[in-house]
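>>> mind folding the following:
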Amino acid sequence: MLSRAFTKPSSHKQSPRNDEQQSHRSVSIHEYEDCIFGFMDIDVPLIVCDGHDRDAGGEAAYLTLREVLRASVGMIGEGLLGMTEKVVLDRGRVCAVKRFRKLSVRRGEFGRSIQRLALASRRCQYLVPVRAYMYAKRMKFVVSDYYPMGSLADLLDGARKHGHTALGWNQRLTIILNISLAIAFIHSQSPGQDKRLPMNVHGNIKPSNVLINVDFTACLSDYGLAQLAERLEVSDTSWQLKPPPRPPQPAPCATALSQENDIYNFGVIMLDLLGGIKSMKRCSKEERVEIRRGKFDLLEAPMEGKGREEAMKVFEVALACTDPSPEARPSIDRLLFDLGNVCY
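Sure, this is the predicted structure:
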């Protein structure tokens, strides 16, 4: 997977019938300063983010490009920013590598931004921190922790495909609370001097960026990466390598970087956790009244009594978050207050 970025087709012309037998050659230009090299001949170390060189017994300090390229075992996700692969290293450590299709910043700006994001995310237990990164001519990627339970999108879509319910209500509510705390931390950060790269905006909140721990707590990944990369449409052939597209949903406001759009995207996740496409369609004032009366089967996870009351409160919060007017959406502080009232 990752190593393909360092090979290119031979210049000899091939007939269409011989495409599958087309030869490849490795890039062998050695130029460490510009990070252009043949990975079979030189082992270039990744740049470790500040504060991570002592983690995991010092393993992060010795992570090299050759090791990462050879250790890729398959793609686990793909989006508008790039693709994510699972990497199993020689020492048994498992990581996730997110490779960008196209960055909107240069090398120095990329490195400084990743270092700032890594330092900030280490202070919040609900954010997935970046461990290391590489900026090469033909490849730019970041390395982070791997979550064997996968993403929220994986859990929900996999269960719905087979007609099952993947998560109970308490687990769903825990995930909602964890995400809200991650967003609160991000929105409390100083925006920074560069208005193009605000540190107080996530920029790409969606179910596939909510990673699940074995205890069903959640962490938010890709903090700040949308500010560094250009969004490119995924080709149709990419669906051959990953699960079918998700059911239609309200389009997240992911194109503009703002806290209001972070809140909107969080609202979409809450609606997805409540009942998927059913809850997303039931949003008019008249239908809200019918939902409160129990006329519509809105909720995906079976619940009665206190659980149902909590779910209805979360539904009202989610509707406020997805208000068409950005100015009308609640702040994250207001959301924390409202969600606190749900639980207590």
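>>> count of neighbours near the spatially closest residue to I114 that is not a sequence neighbour?
Leaving aside its sequence neighbours, I114 sits nearest to Y133 (CB to CB, 6 or more residues apart in numbering; 5.0 Å). Yep, even glycine has a C-beta here, placed from its N, CA and C like the rest. For Y133, the neighbour count with other CB atoms under 10 Å is 23.
>>> ok, Y133 - contacts?
L46, I47, C49, F110, G111, I114, K140, F141, V142, V143 (CB atoms under 8 Å, 6 or more residues apart in numbering).
>>> now, of these, which are buried?
L46, I47, C49, F110, I114, K140, F141, V142, V143 (16 or more other CB atoms under 10 Å).
>>> ok so the last one is a helix residue?
The one in question is V143. No: secondary structure of V143 (DSSP: H, G, I helix; E, B strand; the rest coil): strand, not part of a helix.
>>> what does the model give it for pLDDT?
For V143, the pLDDT comes out at 93.
>>> and what of the fifth one?
At I114, the predicted lDDT confidence score is 94.
>>> for the helix or strand hosting it, which helices and strands make contact with it?
In this assignment (DSSP states H and E), I114 forms part of helix 107-121. Under the contact definition 3 or more CB pairs under 8 Å, 6 or more residues apart in numbering; DSSP states H and E, helix 107-121 sits against strand 130-135.
>>> quick one: the strand it packs on to chain centroid distance?
16 Å (CA atoms, centre = their mean, to the nearest Å).
>>> and stretch 313-333, by the same measure?
Taking mean C-alpha positions (CA atoms, centre = their mean), stretch 313-333 and its chain are 22 Å apart.
>>> count the residues that sit near the closest residue to D272 other than its chain neighbours.
Excluding the flanking residues, the one nearest D272 by CB to CB, 6+ apart is P207, at 6.0 Å. The local packing of P207 (other CB under 10 Å) involves 21 other residues.
>>> quick check, nearest of the buried ones among the contacts of Y133 to E290?
Closest to E290 out of the buried ones among the contacts of Y133 is V142 (46.0 Å), distances taken as CB to CB.
>>> quick check, the closest one in contact with V130.
Yes: between V142 and V130 a contact is recorded at 4.8 Å, counting by CB atoms under 8 Å.
>>> can I see the domain layout of this structure?
As assigned by automatic domain parsing, the chain contains the domains 28-145, 152-343.
>>> any idea which of those domains has the lowest pLDDT on average?
Averaging pLDDT over each of the domains of the chain puts domain 28-145 lowest, since it has a mean of 78.
>>> what distance do you get for P198 to N261?
12 Å (CB to CB, to the nearest Å).
>>> now do the helices in the stretch 151-300 of the chain.
All helices of the stretch 151-300 of the chain, identified by DSSP state H, counting those that start in this stretch, fall at 152-161, 169-187, 259-275, 277-281, 285-292.
>>> residues touching the first one, excluding its own?
The reference is to helix 152-161. 149, 165-167, 175, 206-208, 210-212, 218, 243, 246-247, 269, 272-273, 276.
>>> out of these, which end up buried?
166-167, 175, 206-208, 210-212, 218, 246, 269, 272-273, 276.
>>> looking at the residues you listed, which is nearest V73?
For the buried ones among the contacts of helix 152-161, the nearest to V73 is L211 (17.8 Å; CB to CB).
>>> how much space between the closest one and Y133?
18 Å.
>>> related to what we said a few turns ago, the helix holding I114 versus strand 130-135: what angle between them?
170 degrees (axes from the mean of the first three to the mean of the last three CA atoms, to 10 degrees).
>>> need the strands for the chain, in chain order.
Taking DSSP state E as the test, the strands found in the chain are 7-9, 24-26, 47-48, 72-78, 82-88, 94-100, 130-135, 140-145, 210-212, 218-220.
>>> nearest to S188, out of those strands?
strand 218-220 (14.1 Å).
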